[in-house]
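Trainee: Predicted model follows, preceded by the sequence.
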Amino acid sequence: MGEIETGSDLRDVASKTQAHVRAYLSTVSEVASGAAPGAELGLLLLATSDLLACGAHLAAITDVVPAERFEPDADDETDVDPLRVALAKMFDGFDDYLEVVDPVLSSEVGPATLSGDIACVVEELAKGLAHYDEGHELEALWWWQFSFLSLWGERAASAVRVLQALLAHLRLDVDDDVAAEAEYDALHA
């Protein structure tokens, strides 16, 4: 009931997706724990970008439709609030940002947070992973595909944009004197 047949292309997609999901969840947990001081933004940018590539693959395949037209309940709901709080503390001073709510249908701008984006992605991925770990691979794949298109893909894309902008500001926003000295050194090296 709802399992993918052995040898199915979807079984391969589900297996590859769960590997990407586990890698993302591991990286985010490591960063939120404070285990990567100084590398947080770069690690999150890399992990979230990789995850978006996985999501793009899910969007490119035909719609996954489970045999049963309902989603079995996963045993445990993941409590992402401690993760969100840890990330918000880490991002203190630059967690909040503004974004275009729906760039296709309006120019309305609304508030968002980097910590909220990442926690949302983690929550949606964990729901699919719970289905996968319970042996409901097709439901997991359906959930990851559906929630990529409806929620986590957008949140991950927003997070990538903010992470890239933060890294750019950290590395490129320097005093004019420092920039001039670096240019001089580069030209005369």
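Mentor: Happy to help now that I have it.

Trainee: what's around P37, how many residues?
Mentor: For P37, the neighbour count with other C-beta atoms under 10 Å is 8. Backbone N, C-alpha and C define where each C-beta goes, glycine included.

Trainee: In this structure, what helix or strand scores lowest on average pLDDT?
Mentor: Taking mean pLDDT, DSSP states H and E as the measure, the chain has helix 176-187 as its least confident helix or strand, at a mean of 73.

Trainee: mean confidence for the lengthiest helix in the chain?
Mentor: Ranked by residue count and defined by DSSP state H, the top helix of the chain is helix 9-32. The average pLDDT within helix 9-32 is 96.

Trainee: buried set for it?
Mentor: 10-11, 13-14, 17-18, 20-21, 24-25, 27-28, 31-32 (16 or more other C-beta atoms under 10 Å).

Trainee: Show me what that helix is packed against.
Mentor: Contacting helix 9-32 under the criterion 3 or more C-beta pairs under 8 Å, 6 or more residues apart in numbering; DSSP states H and E are the following elements: helix 40-60, helix 81-90, helix 114-133, helix 137-147.

Trainee: which stretch among the ones you listed comes nearest S107?
Mentor: helix 114-133 (20.4 Å; C-beta to C-beta).

Trainee: Tabulate the buried residues of helix 9-32 in JSON lines, adding columns for distance to W152.
Mentor: Below are the buried residues of helix 9-32 laid out as JSON lines (distance: C-beta to C-beta, whole Å):
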{"residue": "L10", "distance to W152": "19"}
{"residue": "R11", "distance to W152": "22"}
{"residue": "V13", "distance to W152": "17"}
{"residue": "A14", "distance to W152": "16"}
{"residue": "T17", "distance to W152": "12"}
{"residue": "Q18", "distance to W152": "15"}
{"residue": "H20", "distance to W152": "12"}
{"residue": "V21", "distance to W152": "10"}
{"residue": "Y24", "distance to W152": "10"}
{"residue": "L25", "distance to W152": "12"}
{"residue": "T27", "distance to W152": "15"}
{"residue": "V28", "distance to W152": "12"}
{"residue": "V31", "distance to W152": "17"}
{"residue": "A32", "distance to W152": "17"}
